[in-house]
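Enquirer: A predicted structure for the sequence below; I have some questions about it.
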Amino acid sequence: KFFDGMGGAYANILGIIITATVFVSGLKALGLIDIFIDIIISNPSLAGIGATLGPFFLSIMTGSGDAASFTFNEIITFHANTFGMSIENMGSLIVLSGAIGRTMSPLAGAAIICAGFAKVSTIDVVKRTSFGMVLALITVYIILAI
């Protein structure tokens, strides 16, 4: 029973990661990621907000903070100096925003496992974590982008 449970949880997590990667690839193929990045590049004053909210919302939609963080870091972090930010701060902002978004996602593997253990829906888990995660997002933005 123990390994059946672990196998099911592992399969759910891998499924979410693969699905998130495919979803992000689809957004790239449609050009939506490039449009968002172009807006940030053409409006450097929006870079901190974009580097915070972009990976945050993408992580919520996909359940994977890594997919969102890798996407944004590959494309915009090397422009950090153009935006008046250090590469370290922008990269950290993107990674932390992605992790915070994943924590608020009802599709995240951890939310699915915790909800299963507690016998509640993933939405109930997200309701419990969302207030703290929004405060964390604001704090990260203030520390790294301002």
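Expert: Sure, I can see it. Numbers count the residues shown, from 1 in each chain.
Enquirer: Give the burial count for residue 32, as a bare number.
Expert: 13 (other CB atoms under 10 Å). From N, CA and C alone the C-beta is placed, and that goes for glycine too.
Enquirer: do residue 30 as well
Expert: The burial count assigned to residue 30 is 10, neighbours taken as other CB under 10 Å.
Enquirer: Could you do the one 10 residues further on as well?
Expert: Residue 40 sits with 23 neighbouring residues when counted by other CB under 10 Å.
Enquirer: What sits closest to it if chain neighbours are left out?
Expert: Beyond its immediate neighbours in the sequence, the residue positioned closest to residue 40 (CB to CB, 6 or more residues apart in numbering) is residue 50, lying 4.1 Å away.
Enquirer: Check what contacts stretch 80-87 and list those residues.
Expert: 40-41, 44, 47-48, 51, 77-78, 89-91, 93, 145 (CB atoms under 8 Å, 6 or more residues apart in numbering).
Enquirer: Show me which residues of that stretch are buried.
Expert: 80, 83, 85 (16 or more other CB atoms under 10 Å).
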